[in-house]
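*Asks:* Pasting the sequence and the predicted model now:
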Amino acid sequence: MKTFRNYAAVVLILIWGLAPFYWMVVTAFRHKDHTFSTNPLPSHFTLDNFKDALATDAGNNFLRAIGNSLIISLATTLIALAVGVFTAYALARVDFRGKGLVTGIILAASMFPGIALVTPLFQLFSRIEWIGTYQALIIPNISFVLPLTVYTLTSFFRELPWKLEEAARVDGASRSLAFRKVILPLAAPAMFTTAILAFIATWNEFMLAKQLSTPESEPVTVAIARFSGASAYEFPYAATMAAGALVTVPLVIMVLIFQRRIVSGLTAGGVK
């Protein structure tokens, strides 16, 4: 009976979480004349919605937005990972004055409401003429994903056996060499997990991107929100669903493919 309840709870959570995604995909492949159909099963199959989502005659440029999101997300992930891995190692393995203060500042930064940053960032970037540039979108995203990167990697580094690094130091390796040759290879699962989480968080960011981007630099989240129909009185619901499917399905597939690595990275920390 307990096993049945557990499986029932899992099924309920899956339905609750995947129902909006399922409805988006079904609507994306359904003819726009039947967009508001309540039939839960796929019907009136068509690919015209995807053609409309990728078309540029209505002022939309979704392919350019996908390219912008890739550039912003990859740059943010790489920079956050490069900075975060050294910060996490220092917090986990090095004793220095003020380490608790640094940890508290990082925690405070992760809890700071993002909406409070919109106005000052907009004013700052307007004065230095950064509105619509990639750096105006990458730098704020780094501040959002860096605390996640630091905390995930710090917890991993703290669980690594000190003897592995000490053995390398005894053999004549410097701290930096031991870090590159011993610690980084062991931290690969955690780094991979952190990179995926940081990439997804940046890919899905909308609030700041809406204010700091232009049509030439906007990511997919802003491009979807700005979709326009054939007239000012028509909202392209079907094309919007198709665009959402185009940017969501690859992320879902990526998570499904690398789910074992993600779980192993989040639970790693012990070495046999």
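*Replies:* Nice, thanks for sending it over.
*Asks:* What separation do you get for Thr152 and Ala195?
*Replies:* 10 Å (Cβ to Cβ, to the nearest Å). Every residue, glycine included, has its C-beta placed from N, CA and C.
*Asks:* Equivalent analysis for Ala201, please.
*Replies:* Taken as Cβ to Cβ, the span from Ala201 to Ala195 is 11 Å.
*Asks:* same question, Val102
*Replies:* Applying Cβ to Cβ, the value for Val102 to Ala195 is 23 Å.
*Asks:* More neighbours: which of the two?
*Replies:* Counted by other Cβ atoms under 10 Å, Val102 and Ala195 do not tie: Ala195 has more neighbours, with 19 against 15.
*Asks:* mean confidence for the longest helix seen in the chain?
*Replies:* The longest helix of the chain (DSSP state H) is helix 62-93. The average pLDDT within helix 62-93 is 93.
*Asks:* what element comes up after that helix heading to the C-terminus?
*Replies:* Once helix 62-93 ends, the next helix or strand along the chain (criterion: DSSP states H and E) is helix 99-111.
*Asks:* Check which helices and strands that next one sits against.
*Replies:* The helices and strands touching helix 99-111, judged by 3 or more Cβ pairs under 8 Å, 6 or more residues apart in numbering; DSSP states H and E, are helix 62-93, helix 134-159.
*Asks:* Using a markdown table, lay out those helices together with mean neighbour count.
*Replies:* Shown next, in a markdown table, are those (neighbours: other Cβ atoms under 10 Å):
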| stretch | mean neighbour count |
| --- | --- |
| helix 62-93 | 19 |
| helix 134-159 | 20 |
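*Asks:* Nearest to Lys32, out of those helices?
*Replies:* Closest approach to Lys32 among these (Cβ to Cβ): helix 62-93, 16.6 Å.
*Asks:* what's the closest one packed up against?
*Replies:* Helices and strands touching helix 62-93, as assessed by 3+ Cβ pairs under 8 Å, 6+ apart, comprise helix 48-54, helix 99-111, helix 134-159, helix 188-203, helix 220-225, helix 237-257.
*Asks:* Let's have the ones you listed in JSON lines, adding mean pLDDT.
*Replies:* Converted to JSON lines, the helices and strands packed on helix 62-93 look like this (pLDDT from 0 to 100):
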{"stretch": "helix 48-54", "mean pLDDT": "90"}
{"stretch": "helix 99-111", "mean pLDDT": "84"}
{"stretch": "helix 134-159", "mean pLDDT": "90"}
{"stretch": "helix 188-203", "mean pLDDT": "89"}
{"stretch": "helix 220-225", "mean pLDDT": "92"}
{"stretch": "helix 237-257", "mean pLDDT": "86"}
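*Asks:* Quick check: closest non-adjacent residue to Leu74.
*Replies:* Phe199 (7.3 Å; Cβ to Cβ, 6 or more residues apart in numbering).
*Asks:* one step back: the helices and strands packed on helix 62-93: which one's closest to Leu78?
*Replies:* Checking the helices and strands packed on helix 62-93 against Leu78 by Cβ to Cβ gives helix 188-203 as the closest, at 8.2 Å.
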